[in-house]
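K.L.:
Provided below for reference: sequence and predicted model.
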Amino acid sequence: MNFSHITWLDDRGHIKPPLFLYLILVFLARGWCIFIASLTQFNDRSGLVRLFYPEKSDFILALIAGVGAVLIYGLVIAERKRTWVVLRPIFNRSAWFLWALLVLDGVFLFQRVVHDNFVFNIGYSLDALFLFWSVIYVLKSKRLHYYFADWALEDNLPEAAK
């Protein structure tokens, strides 16, 4: 049988992380991405941060929400390498942690909209749109569900014990 059309499995038969999961994690960690990009500017390091987050409190909230996305990304890296068996139970529950991060980002987005007195802002509307599609994806994606359930304890046993 030819299984070359199944592109979501790697060489070992494990489910690869979906690309949209990486996009969601970058979206949730956008404060950290902007912070790291601002470190590359020599003359005005805070200029890029002020471009995306005019209020300092909004930037701090984005950094707080982004910590969880960075942790989930670390769990994805650990799953790909199948190392650190201690993280396996945490990885299997990452979907709930991802839900919590999406809700937290939604609360922070609502706080930013209230802070600007409900004045329309294209940045807020793009954030809300991507947040909406992320919630739909996490809710409906079978591949993401199977991915978070893929790291089994048997994957870490030596070959002789199998």
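P.N.:
Done, it's in.

K.L.:
alpha carbons only for contacts and neighbour counts from here, please
P.N.:
OK.

K.L.:
what packs against the longest helix along the chain?
P.N.:
Counting residues, the longest helix found in the chain (DSSP state H) is helix 56-81. When contacts are defined as 3 or more C-alpha pairs under 8 Å, 6 or more residues apart in numbering; DSSP states H and E, helix 56-81 sits against helix 19-28, helix 30-38, helix 88-92, helix 94-115.

K.L.:
could you point out which of the ones you listed sits nearest P54?
P.N.:
helix 94-115 (10.8 Å; C-alpha to C-alpha).

K.L.:
quick one, the helix or strand following that closest one and helix 94-115 angle?
P.N.:
Scanning forward in sequence from helix 94-115 by DSSP states H and E, the next helix or strand is helix 122-140. Helix 122-140 and helix 94-115 are oriented at 160 degrees to each other (axes from the mean of the first three to the mean of the last three C-alpha atoms, to 10 degrees).

K.L.:
what about the chain, any weak spots by pLDDT?
P.N.:
1-5, 152-162 (pLDDT under 70).
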